[in-house]
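Novice: Give the three-dimensional model of this entry:
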Amino acid sequence: MPELSARVLRTAAILKDAKFDGVATGEDHEKVVWSGDLNYRIDSRREQVIELMDQQKWSILMEHDQLIRQMTSNPLFGLRGFHEAPSTFAPTFKYDVGADRYDTGEKRRTGMV
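Specialist: Residues are numbered from 1 along each chain as shown. Predicted structure coming up:
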């Protein structure tokens, strides 16, 4: 999955450049809060993701989250030692313009927070 590899490389670049007063972020801080769209997705069929969202089964969705999988299984991933709080709300998606339905365009992404 070339998109996933690109996301992993972007995350590594952010970590490499993230410094506060010359001190690198990461394990040398007690708490680090990330805020931003790293564009990780949920590895599951879109229909299944929407069904699980309708049922508010956040923990099942998180099992398929690309970012969490990288954090727990990729020994070289820069955020491996980090922990994400459990999600208690639906994943974020793009909507069709002027509508309350998820994107029905060509890409039809299945993103997570």
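Novice: ok, residues contacting stretch 52-64?
Specialist: By C-beta atoms under 8 Å, 6 or more residues apart in numbering, the residues outside stretch 52-64 that reach it are 42-44, 49, 68, 86-91, 112. The way it works is simple: take the backbone N, C-alpha and C, and place the C-beta from them, glycine included.
Novice: Contact partners for the closest residue in space to Asn74 that isn't next to it in sequence?
Specialist: In this structure, Asn74 finds its nearest non-sequential neighbour in Arg80, 6.7 Å apart by C-beta to C-beta, 6 or more residues apart in numbering. Arg80 makes contacts with 70-72, 74, as judged by C-beta under 8 Å, 6+ apart.
Novice: Who wins on neighbours among those residues?
Specialist: Tallying neighbours with other C-beta atoms under 10 Å puts Gln70 at the head of the contacts of Arg80, with 20 neighbours.
Novice: Could you confirm that one falls within a strand?
Specialist: No - going by DSSP: H, G, I helix; E, B strand; the rest coil, the assignment for Gln70 is helix, not a strand.
Novice: which among the contacts of stretch 52-64 end up buried?
Specialist: 42, 44, 49, 68, 90-91, 112 (16 or more other C-beta atoms under 10 Å).
Novice: would CSV of those with secondary structure and pLDDT be doable?
Specialist: Converted to CSV, these look like this (DSSP: H, G, I helix; E, B strand; the rest coil; pLDDT from 0 to 100):
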residue, secondary structure, pLDDT
Ile42, strand, 86
Ser44, coil, 87
Val49, helix, 86
Ile68, helix, 88
Ala90, coil, 75
Pro91, coil, 71
Met112, coil, 42
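Novice: and those residues as CSV, adding distance to Leu61?
Specialist: Formatted as CSV, these follow (distance: C-beta to C-beta, whole Å):
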residue, distance to Leu61
Ile42, 6
Ser44, 8
Val49, 7
Ile68, 10
Ala90, 9
Pro91, 6
Met112, 7
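Novice: And the residues you listed, which is closest to Glu106?
Specialist: Closest approach to Glu106 among these (C-beta to C-beta): Val49, at 17.2 Å.
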